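K.L.:
Sequence first, then the predicted structure, then my questions.
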Amino acid sequence: MKKGTVRGCQLSVCGWKERRVEWRKWGRVNRQPEQIRETFLEFRILQKGEGSGGRLGEIDTPHGKIRTPVFMPVGTQGSVKAVSPDELRQTGAEIILANTYHLYLRPGHKLIERLGGLHRFMGWDGPILTDSGGFQVYSLAKLRNISEQGVVFQSHLDGSKHFIGPEEAMDIQQSLGSDIVMAFDECVSYPAEYEYVQRSVDLTSRWAERCLAHMAGGKQALFGIVQGGVYPDLREKSAHDLVRLGLDGYALGGLAVGEDRETRLHIIRETVKMLPDDKPVYLMGVGAPEDLVESVPLGVDMFDCVMPTRNARNGTLFTTHGRMTIKNAQYSDDERPVDDQCDCYTCTHFSRAYLRHLFLARELLAYRLNTIHNLRYHARLMAGLREALKDGRMDEFKEAFYKAQEGNIEERGD
């Protein structure tokens with residue numbers, strides 16, 4: 001196969017074997033970084049999972065404690081769609097993600113700063129993580145031009161031209177006042193040529209250094225983003241470049257963008273081994289229940305995804321027994337709650353029949369109640385994973401999870 005091309009097998013395990021390199025034989029690294037910075041985030045590992053790489057932990061931030069592993073609901077524009085901050089708390093959310101790109105364009109980070117920062121602006125007193133905007137520039141911007149300095153792009157709102165580089169991304173996130181900020185990175189598409197991903201990794205590493213230098217003296221924790229596509233040697237290089245900076249945490253970026261699950265889990269498993277054992281690991285943009293269940297034992301501590309909220313607005317509900325499409329006719333006179341094992345406001349007050357009626361009538365309450373349930377489902381799933389790590393029964397938890405979801409909930413009539 002010609003170097004830099006992508007096989008038709010979508011780079012599953014066979015693709016990895018094509019570009020086989022010697023992964024490091026040790027477990028997770030425990031080396032001293034070349035640069036040391038005062039940290040404003042404390043991560044404690046309370047217990048490591050028996051027979052797995054998972055760990056039970058806590059993260060202390062200026063706005064409170066986070067129990068890990070944790071799922072972060074996405075509040076793209078300073079709001080988790082369809083729910084209030086109080087309702088969000090009641091679902092069990094401990095930290096949320098907000099989007100730098102969107103808040104920069106509207107209403108503007110300087111306005112938010114003048115009004116007391118994002119926590120006060122949106123009425124959320126818990127921890128906030130802001131992404132760097134790199135993924136949105138990649139996925140939403142109509143036109144973009146990437147250079148060493150940064151990215152010139154057109155707004156998806158009105159077509160106006162803007163520039164964001166590493167320093168600008170840090171300035172925006174400092175104005176927002178989030179607890180955890182992400183270094184500016186380039187997210188490449190899938191599939192992508194090896195040579196392009198290689199250049200992108202080098203650029204992301206140089207941008208991370210500039211982010212760190214610009215954040216000197218700041219009070220926010222800074223996470224770097226490991227890139228490298230599906231190429232193991234590039235993932236290794238990216239991890240090495242970032243670890244030497246001594247950042248507060250490390251994210252795995254550029255996943256869930258089209259690669260198959262087997263490949264994704266292999267990337268996660270091998271990349272996590274290259275990251276410091278005493279720093280949190282964040283898997284970006286991944287939130288399918290089965291992905292959470294598979295990734296926690298690999299050593300991932302933090303997740304985010306729009307899946308629970310977006311699916312809720314589209315009428316798909318997550319349950320102990322699988323996904324439920326609430327508009328289906330079989331629920332028209334079903335008096336049962338969505339999930340008899342769920343303690344959320346939706347499940348303790350309303351029937352499937354009522355939720356179906358609301359959704360078909362396009363009542364706004366449908367989106368609120370569906371979102372409350374899905375967020376609570378994800379919070380309960382993470383609580384179950386934490387309990388399994390604590391009790392040393394991760395294998396049993398996974399087996400029970402998959403057994404409960406065998407077959408199709410619509411066909412079983414659960």
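P.N.:
That came in fine, so what should we check first? Numbers count the residues shown, from 1 in each chain.
K.L.:
Without its sequence neighbours, what residue ends up closest to the spatially most central residue of the chain?
P.N.:
For the chain, the residue nearest the mean C-alpha position is Asp304 (2.6 Å; CA atoms, centre = their mean). Spatial nearest neighbour of Asp304, chain neighbours left out: Met72 (4.1 Å); criterion: CB to CB, 6 or more residues apart in numbering. For glycine as for every other residue, the C-beta is placed from the backbone atoms N, C-alpha and C.
K.L.:
which residues touch that neighbour?
P.N.:
93, 95-97, 129, 302-304 (CB atoms under 8 Å, 6 or more residues apart in numbering).
K.L.:
Using TSV, please lay out those together with secondary structure and distance to Ala169.
P.N.:
Shown next, in TSV, are the contacts of Met72 (DSSP: H, G, I helix; E, B strand; the rest coil; distance: CB to CB, whole Å):
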residue	secondary structure	distance to Ala169
Ala93	coil	25
Ile95	coil	20
Ile96	strand	19
Leu97	strand	15
Leu129	strand	14
Met302	strand	19
Phe303	strand	22
Asp304	strand	17
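K.L.:
just the residues you listed now: which is nearest Leu41?
P.N.:
Leu41 lies nearest to Leu129 out of the contacts of Met72, by CB to CB, at 10.5 Å.
K.L.:
Please name the bridge partners of that closest one.
P.N.:
Under DSSP bridges, the beta-bridge partners of Leu129 are Leu97, Ile180.
K.L.:
mind listing what the residue of the chain most remote from its centre touches?
P.N.:
Distance from the C-alpha centroid of the chain peaks at Asp333, with 36.9 Å (CA atoms, centre = their mean). With contact set as CB under 8 Å, 6+ apart, Asp333 has these partners: Ala353.
K.L.:
so Ile409 makes contact with Gly322?
P.N.:
Yes: if you go by CB atoms under 8 Å, Ile409 and Gly322 touch, sitting 4.0 Å apart.
K.L.:
Following element in sequence after the lowest-mean-pLDDT helix or strand in the chain, please.
P.N.:
Lowest mean confidence among the helices and strands of the chain (mean pLDDT, DSSP states H and E): helix 13-18, at a mean of 39. Counting by DSSP states H and E, the element after helix 13-18 in chain order, helix or strand, is strand 42-48.
K.L.:
got a list of contacts for the helix or strand just after that following strand?
P.N.:
Using DSSP H and E, the helix or strand that directly follows strand 42-48 along the chain is strand 55-61. For strand 55-61, the surrounding residues in contact (CB under 8 Å, 6+ apart) are 40-49, 65-70, 95, 127, 179-180, 221, 280, 299, 301, 386, 389-390.
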